[in-house]
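**Q** Provide a 3D model corresponding to the input given below.
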Amino acid sequence: MNNSELVKKFDTNNKQVIRKKWAKPLLAYLHSVVEKKLLYLGLPDTEALDIIEWLDYIDVVYAFQCRDYPNPSAPDQDRKNVLALESTLRRLERTRKLVTFDVFDGYIEEVLVRGYDNTPTYKEFLQNDIITIYNLDFCGQVTSPIEYVDIQGKKQQAYKFNAVDRLLNYQKNIEFPNKKFIMFLTLHCSYDGKEFENFISNPHNTDIENYITTVKSLSKGKKAPYLVKAFVYDQLSRFFTQNNFVPEFLPTIYYKGDKEHPLLFFTIIGTQVENKSGLPSPFQKLKSLLNKPFLSISDGDEFSENSSLKLNNDISIGLNVNPINIFKSSKTFKNLWKK
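**A** Residues are numbered from 1 along each chain as shown. Modelled structure (predicted):
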């Protein structure tokens, strides 16, 4: 199977629906708010299907492409996937659908944590502009590390959330007022590892402890959506606020990918706030976030509350599941976005 066939295999109908009917309207709205084309950073794969779908709103791309997923990067691996992505983006640039792009050779975790990619020239990762779209299509487990070799030749590990934290820190340090952006995050709906086990066995928050207690009687597979959601909300809320951004989480979408693998799609809208004493407080409370039901994709390619993943304390979103309307009903919108 060549890489083009592999990309199409993973580009399921559910993924296309999320890209077109959930993400695209949000990007169109963000484009209208910031009144300029958006800067994309993510993992688009060789055919860059998400970028092509969102081209009306994008003009600059920072892309990351590993050589041989899921194996650790190595100098003897074929660079065909990296070159294929460069070719796709160069074609878009040549036809003036993009202004410019940059492709980094390697897993995003290793490039950001180490500071440079795997090309023979050790291309450094530098961010000089405000990212307005993060599309972090990880698909693997949230706590699954990748192995890389540092500049001293020593083997190290980097985690997906190391990359997220580093990205937000880069964003924070660029001098620009009133930063607004959207982060899409796709993860496998499963968990393992000491970091996650510690989160479950030693919750540092009463709301999380109560939530874990609610689902603890379920089998590991059954409680995975709830626990991964809680872990992501907890970790990302901390990363965002530590970097002076207020996060607004839209409902999490639970869907089936290739071979019916369960996946979770998160949407976080970030807004810069003034760096006053202490960290900013999100308008969303963790308890209300945890009690927000999952969304699913119906046979008619519409979004609705997932009836099979509802807990007794979940608060209904309502019948009109529209990402723009959901965001505009939030305190974040009313306090930080509404003109």
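
**Q** going forward, measure contacts between C-alpha atoms and count neighbours the same way
**A** Fine.

**Q** And what about Leu289, helix, strand or coil?
**A** helix (DSSP: H, G, I helix; E, B strand; the rest coil).

**Q** mind checking how far it is from Glu248?
**A** Separation of Leu289 from Glu248 (CA to CA, to the nearest Å) stands at 10 Å.

**Q** Ser308 now?
**A** Relative to Glu248, and taking CA to CA, Ser308 is found at 25 Å.

**Q** With Glu260 instead?
**A** From Glu260 over to Glu248 (counting by CA to CA), the distance is 29 Å.

**Q** Now do the helices in the protein.
**A** 3-10, 13-17, 24-34, 49-53, 80-94, 108-114, 160-172, 194-201, 206-215, 220-242, 286-290, 323-328, 331-332 (DSSP state H).

**Q** Report the central residue of this protein.
**A** The C-alpha lying nearest the average C-alpha coordinate of the chain belongs to Leu185 (CA atoms, centre = their mean; 2.0 Å).

**Q** My guess is it contacts Ile253. True?
**A** No: in this structure Leu185 lies outside contact range of Ile253 using CA atoms under 8 Å: 10.5 Å.

**Q** list the residues that contact both of the two?
**A** Common neighbours of Leu185 and Ile253, counting by CA atoms under 8 Å, 6 or more residues apart in numbering, are 265-266.

**Q** burial count for Asn71?
**A** 11 (other CA atoms under 10 Å).

**Q** what does the model give it for pLDDT?
**A** pLDDT for Asn71: 93.

**Q** and if you look at Leu6?
**A** pLDDT for Leu6: 46.

**Q** Same check on Asp137?
**A** Value listed for Asp137 in the pLDDT field: 94.

**Q** residues in contact with the residue nearest to it when sequence neighbours are not counted?
**A** With CA to CA, 6 or more residues apart in numbering as the criterion, Asp137 has its nearest non-adjacent residue at 4.7 Å, and that residue is Thr186. By CA under 8 Å, 6+ apart, the contact set of Thr186 is 136-139, 263-266.

**Q** could you redo those residues as TSV and give each row distance to Glu195 and neighbour count?
**A** TSV is the format used below for the contacts of Thr186 (distance: CA to CA, whole Å; neighbours: other CA atoms under 10 Å):
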residue	distance to Glu195	neighbour count
Leu136	20	22
Asp137	21	16
Phe138	18	16
Cys139	18	17
Leu263	20	22
Leu264	19	23
Phe265	21	24
Phe266	20	20
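
**Q** Now render those residues as CSV, adding distance to Gly221.
**A** Conversion of the contacts of Thr186 to CSV gives the following (distance: CA to CA, whole Å):
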residue, distance to Gly221
Leu136, 23
Asp137, 21
Phe138, 19
Cys139, 16
Leu263, 12
Leu264, 14
Phe265, 17
Phe266, 19
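
**Q** Out of these, which is nearest to Tyr29?
**A** Nearest to Tyr29 among these, counting by CA to CA, is Phe266 at 17.7 Å.

**Q** quick revisit: return the member of the contacts of Thr186 nearest to His204.
**A** Closest to His204 out of those is Phe266 (22.4 Å), distances taken as CA to CA.

**Q** circling back: list the beta-bridge partners for the residue nearest to the centre of the chain.
**A** Leu136, Phe266 (DSSP bridges).

**Q** Low-confidence stretches in the stretch 51-200 of the chain?
**A** Counting by pLDDT under 70, the stretch 51-200 of the chain shows no low-confidence range.

**Q** Which residue is most remote from the mean position of the chain?
**A** Distance to centre of the chain, CA atoms, centre = their mean, peaks at Gln152 (30.4 Å).

**Q** Can you tell me how far that residue is from Arg114?
**A** Distance from Gln152 to Arg114, by CA to CA: 11 Å.

**Q** Leu187 reaches Thr267, doesn't it?
**A** No: counting by CA under 8 Å, Leu187 sits too far from Thr267 to count as a contact (11.8 Å).

**Q** hang on, the earlier thing: tell me which of Leu289 and Glu248 has more neighbours.
**A** Comparing Leu289 with Glu248 by other CA under 10 Å, the one with more neighbours is Glu248, at 23 against 20.

**Q** doesn't Gly270 make contact with the more buried one?
**A** Yes: judged on CA under 8 Å, Glu248 makes contact with Gly270 at a distance of 6.5 Å.

**Q** follow-up on the earlier one: so who does the residue nearest to the centre of the chain touch?
**A** By CA under 8 Å, 6+ apart, Leu185 lies in contact with 134-138, 265-267.

**Q** now, of the helices of the chain, which is deepest in the fold?
**A** Mean neighbour count (mean count of other CA atoms under 10 Å) peaks for helix 108-114 among the helices of the chain, with a mean of 23.

**Q** elements contacting it?
**A** Helices and strands touching helix 108-114, by 3 or more CA pairs under 8 Å, 6 or more residues apart in numbering; DSSP states H and E, are strand 146-149, strand 155-158, helix 160-172.
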